[in-house]
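J.: Turn this into a model:
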Amino acid sequence: MSAPFQPGFPFAAIVGQEAMKEALLLCAVDGKIGGVMIMGHRGTAKTTAVRALAELMPVLDVVDGCAFNCPPDALAGLCARCTGDDAPGCVQRRVPVIDLPLGATEDRVAGTLDLEAALLTGKKSFEPGLLASAHRGFLYIDEVNLLEDHLVDLLLDVAAAGENVVERESISVRHPARVVLVGTGNPEEGDLRPQLQDRFGLCAEIVTEAEPERRSEIVRRRMAYEDDPKGFRAQWVEATEELGARVAAAQSRVDGVVVPDGVLETASALCADLGLDGHRGELTIARAARARAALQDRDTASQDDLCSVAPAALRHRLRKDPLETRDLGHRIADALARRLEG
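T.: This next block holds a predicted model:
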């Protein structure tokens, strides 16, 4: 079961970091984008923003008592308990945002044999892990670039299949695990494995705010929140509800947003110009552009949407030159300019 929702610093009150906020909102609208990798300096509200996402999301309808957050109206993709003939009740829960600690074991993440139940009843039963709790929500990995290799392999398998398979101690369990991966880290502390890096749909690179006015406003809001959390949150209720309503409306309309052939052709040509392997780049661009249009209450994605989301969708997929010292975003901007001029 996911932990009870604990309100924190409001998402709407975060100063600056627009690239990070937009990437998170796009994945909140459409989880099929593939999650967000947020790399940047310490103390730049990365963790604050991720944990504030749950407050913006519409509540989920969940089968009462289900440890896997199964939807009551689904016909497929349910856990073993929810595929029976019984018709359990329905409850509502917040969209889960589950932390994956760096020191977590594979059993804690994937699930394992419930030893207590086995000793009490003499029957083998499954104890769900973090992936079960995060189903239909977000799995948050702080310091993702320091994640151990065996957990990286596990997450790659789950991200590809959309389900978690556990076979150990004479038990065999598979359950749905459609999670949106959100990883944060400091690039100075090491690189992320390319296989996992490519699984993130978007990458937001953020830096410390340089303008004194913004820096002072960040400190002012943080101190106000720490001195009086309830009072501070009350000041941001209207903005939070408005942003939450935008996300909910965008979720309901995103599948109907049209991505014109011209946008798809530009995305494909851009990825070809940059020499990207595979087709995840243009697929991510198309989905992110569609989600951006839905957030702005439009029925058709545009070239402006493509230009806005392309850096986040492609930056982490570029082949890196060891001698390159500039941010790779300039290569995307140059390729876009050439393609759109043409």
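
J.: Just give the closest residue to Asp73, not the sequence neighbours.
T.: Asp61 (7.3 Å; CB to CB, 6 or more residues apart in numbering). From N, CA and C alone the C-beta is placed, and that goes for glycine too.

J.: quick one: buried residues of the host helix or strand of that neighbour?
T.: If you go by DSSP states H and E, Asp61 is part of strand 60-63. By neighbour count with 16 or more other CB atoms under 10 Å, strand 60-63 contains the buried residues Leu60, Val62, Val63.

J.: could you dump those to CSV with pLDDT?
T.: Converted to CSV, the buried residues of strand 60-63 look like this (pLDDT from 0 to 100):
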residue, pLDDT
Leu60, 78
Val62, 79
Val63, 78
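
J.: In JSON lines: these, plus distance to Glu148.
T.: Below are those laid out as JSON lines (distance: CB to CB, whole Å):
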{"residue": "Leu60", "distance to Glu148": "30"}
{"residue": "Val62", "distance to Glu148": "31"}
{"residue": "Val63", "distance to Glu148": "33"}
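
J.: nearest to Leu147, of the residues you listed?
T.: Distance to Leu147 across the buried residues of strand 60-63 (CB to CB) is lowest for Leu60, with 26.8 Å.

J.: got the residue ranges for the helices in the stretch 201-342 of the chain?
T.: 212-227, 229-235, 237-253, 261-273, 280-295, 303-314, 329-341 (DSSP state H, counting those that start in this stretch).

J.: Kindly format the C-alpha coordinates of the shortest one as PDB.
T.: Output of helix 229-235 as PDB, limited to C-alpha atoms (Å, rounded to 0.1, in the frame of the first residue of the first chain):
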ATOM      1  CA  PRO A 229       3.100  25.500   6.400                       C
ATOM      2  CA  LYS A 230      -0.700  25.700   6.600                       C
ATOM      3  CA  GLY A 231      -0.800  29.400   6.200                       C
ATOM      4  CA  PHE A 232       1.600  29.400   3.200                       C
ATOM      5  CA  ARG A 233      -0.300  26.500   1.500                       C
ATOM      6  CA  ALA A 234      -3.600  28.400   2.000                       C
ATOM      7  CA  GLN A 235      -2.200  31.300   0.000                       C
END
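
J.: Need the mean per-residue confidence for it.
T.: Mean pLDDT, computed over helix 229-235, is 90.

J.: Look at Val309 and report its pLDDT.
T.: Here the pLDDT value assigned to Val309 is 91.

J.: contacting residues for it?
T.: Applying CB atoms under 8 Å, 6 or more residues apart in numbering, we find Val309 in contact with Leu26, Leu202, Thr284, Ile285, Ala288, Ala289, Arg292.
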